[in-house]
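1. mind folding the following:
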Amino acid sequence: PVQMKKALVVDDVTTNRLILKFILKHQQWDVIEATSGEQALNILQQATDFDLIFMDVSMPPGLDGVETTAIIKQTLPEIPVIALTAHALVGDKERFLASGMDGYLIKPIDTGALWEEVRRLLV
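-> Here you go, the predicted model:
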């Protein structure tokens, strides 16, 4: 049988998590949700078997997505992190990738773009 993929979805907005969870579960992914950077780090202390992390860039209060990713990359550099953001200005993608994130998706999430990033990072 095909090994089920597992994703950590980190976003402070419930609707954003639900949409991503729906898209991923439709393709038989196991999805764990976190509502903050701190919660994501707590989850990763218990389980590190994630294939991918979807990380909202802007999460008030506390750690934002860039800070959370930097902490994750210190201990789990092998897990790809995809930035989720409404920031779509020139230079934003490059800025997030330079900060240590491995992929970039603009909200609202485009399903085609999502699977393109997943394929690119998990090949």
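2. quick one: the helices in this protein?
-> Assigned by DSSP state H, the helices in the chain fall at 14-26, 37-46, 65-75, 92-98, 111-122.
3. out of those, deepest packed?
-> Ranked by mean neighbour count, the helices of the chain are led by helix 65-75 with a mean of 18 (mean count of other Cβ atoms under 10 Å). Quick note: C-beta positions are derived from backbone N, CA and C, even for glycine.
4. coming back round to it: now render the helices of the chain as TSV, adding mean pLDDT.
-> Putting the helices of the chain into TSV (pLDDT from 0 to 100) gives the following:
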stretch	mean pLDDT
helix 14-26	97
helix 37-46	98
helix 65-75	97
helix 92-98	94
helix 111-122	97
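5. nearest to Ile82, of the ones you listed?
-> Ile82 lies closest to helix 111-122 among these, at 5.6 Å (Cβ to Cβ).
6. show me how far that closest one is from its chain's centre.
-> Distance of helix 111-122 from its chain centroid, counting by Cα atoms, centre = their mean, to the nearest Å, is 12 Å.
7. what residues does the nearest residue to Glu67 once chain neighbours are set aside make contact with?
-> Nearest residue to Glu67, sequence neighbours excluded (Cβ to Cβ, 6 or more residues apart in numbering): Gly37, at 6.4 Å. Under the criterion of Cβ atoms under 8 Å, 6 or more residues apart in numbering, the contact list for Gly37 reads 10, 59, 62-65, 67-68, 71.
8. which residues does the most centrally placed residue in the chain bridge with?
-> What sits nearest the mean C-alpha location of the chain, by Cα atoms, centre = their mean, is Phe54, with 1.0 Å. Note on Phe54: beta-bridge partners by DSSP bridges are Val9, Ile82.
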